[in-house]
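Undergrad: Sequence and predicted model, in that order:
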Amino acid sequence: GAGVSQSPSNKVTEKGKDVELRCDPISGHTALYWYRQRLGQGLEFLIYFQGNSAPDKSGLPSDRFSAERTGESVSTLTIQRTQQEDSAVYLCASSPRDGNSPLHFGNGTRLTVT
Amino acid sequence: AQSVTQLGSHVSVSEGALVLLRCNYSSSVPPYLFWYVQYPNQGLQLLLKYTTGATLVKGINGFEAEFKKSETSFHLTKPSAHMSDAAEYFCAVVGGYNKLIFGAGTRLAVHP
């Protein structure tokens, strides 16, 4: 079956513009996670959804970052007034449920802020 | 709080040589541990995981890892490296709300 799908795969934007990144999780996966991977660094946790609620938003770096999820389906990560330090690959992952189920990752969206 | 430290941001081995990628964790509860691999321009793939039970865990592509509680380690090994193993490898521990907390990654280079 289809894996986690993210769009766009690449996004170049000017500093100060808003961007929306989309994640389509695997059908039936209730848990959804957003991570950020800056060049040469590890993955930073941003936010976790269980269904359409977000019990853990502790990784969002500032109030310019927000995310929402429709039911147990699509999620969008929005970055307002983008800054150059927002340049990174944004990865989405989903899993069937909480616990030790492995996360299934999308290929990410590479965001470049000029 | 849980955390992961990967020793060595870059590791280089010859084809056919032993691969050893180091991971140490910190956890206040019995840990669930994972290794993921990221090939160039691709997403992360699960290599193997440890939850409970046998401490030696076998994964895909001939990789294995051993959970050592006394050393708080979960090192990844492969007896004989292939050129196709060149990638970035991430160790992770399950944290609050079951999110994965990743190490900084180790980039493995394999040369002929």
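TA: Yep, that arrived.
Undergrad: can we go C-alpha only for contacts and neighbour counts from here?
TA: Will do.
Undergrad: Give the burial count for the spatially closest residue to B:Y39 that is not a sequence neighbour, as a bare number.
TA: Counting by Cα to Cα, 6 or more residues apart in numbering or on different chains, B:A87 is the residue found nearest to B:Y39 once chain neighbours are left out, at 4.8 Å. Neighbour count of B:A87, defined by other Cα atoms under 10 Å in any protein chain shown: 16.
Undergrad: Does B:A87 touch B:A81 like I think?
TA: No: the pair formed by B:A87 and B:A81 falls short of the contact definition of Cα atoms under 8 Å, at 11.7 Å.
Undergrad: So the most centrally placed residue in chain A: helix, strand or coil?
TA: Centroid-nearest residue in chain A, with Cα atoms, centre = their mean: A:W34, separated by 3.4 Å. Secondary structure, DSSP: H, G, I helix; E, B strand; the rest coil: A:W34 is strand.
Undergrad: quick one: contacts for the nearest residue to it once chain neighbours are set aside?
TA: Excluding the flanking residues, the one nearest A:W34 by Cα to Cα, 6+ apart is A:C92, at 4.6 Å. Applying Cα atoms under 8 Å, 6 or more residues apart in numbering or on different chains, we find A:C92 in contact with A:V4, A:Q6, A:C23, A:L32, A:Y33, A:W34, A:Y35, A:F105, A:G106, A:G108.
Undergrad: Next: B:G16.
TA: B:P79, B:S80, B:A81, B:H82.
Undergrad: Look up the pLDDT of it for me, please.
TA: At B:G16, the pLDDT value in this model is 97.
Undergrad: what about it, is that helix, strand or coil?
TA: B:G16 - assigned by three-state DSSP - is coil.
Undergrad: do you know how far it is from chain A?
TA: Applying Cα to the nearest Cα, to the nearest Å, the value for B:G16 to chain A is 27 Å.
Undergrad: That residue and B:Y50, how far apart?
TA: 26 Å (Cα to Cα, to the nearest Å).
Undergrad: same deal with A:E44?
TA: 21 Å.
Undergrad: Most neighbours among the contacts of B:G16, please name it.
TA: B:A81 (23 neighbours).
Undergrad: give me the element it is part of.
TA: Secondary structure from DSSP states H and E places B:A81 outside every helix and strand.
Undergrad: Could you verify my assumption that it touches B:L20?
TA: No: counting by Cα under 8 Å, B:A81 does not reach B:L20; the two are 10.0 Å apart.
Undergrad: Check the separation of the first and last residues in stretch A:72-80.
TA: Terminal residues of stretch A:72-80 are spaced 24 Å apart (Cα to Cα).
Undergrad: Contacts only, for the residue nearest to the centre of chain A.
TA: A:F45, A:L46, A:I47, A:Y48, A:Y90, A:L91, A:C92, A:A93.
Undergrad: Number of residues surrounding the third one?
TA: Pointing back at A:I47 there. Count around A:I47 with other Cα under 10 Å applied: 22.
Undergrad: Up against chain A, what does chain B have?
TA: Contact residues, chain B versus chain A (Cα under 8 Å from any Cα of the partner chain): B:32, B:41-46, B:49, B:51, B:90, B:94, B:97-105.
Undergrad: Which strands or helices does the one helix or strand A:R22 maps to pack on?
TA: Using DSSP H and E, A:R22 maps to strand A:19-24. Helices and strands touching strand A:19-24, by 3 or more Cα pairs under 8 Å, 6 or more residues apart in numbering or on different chains; DSSP states H and E, are strand A:5-7, strand A:75-79.
Undergrad: Brilliant, that's me finished.
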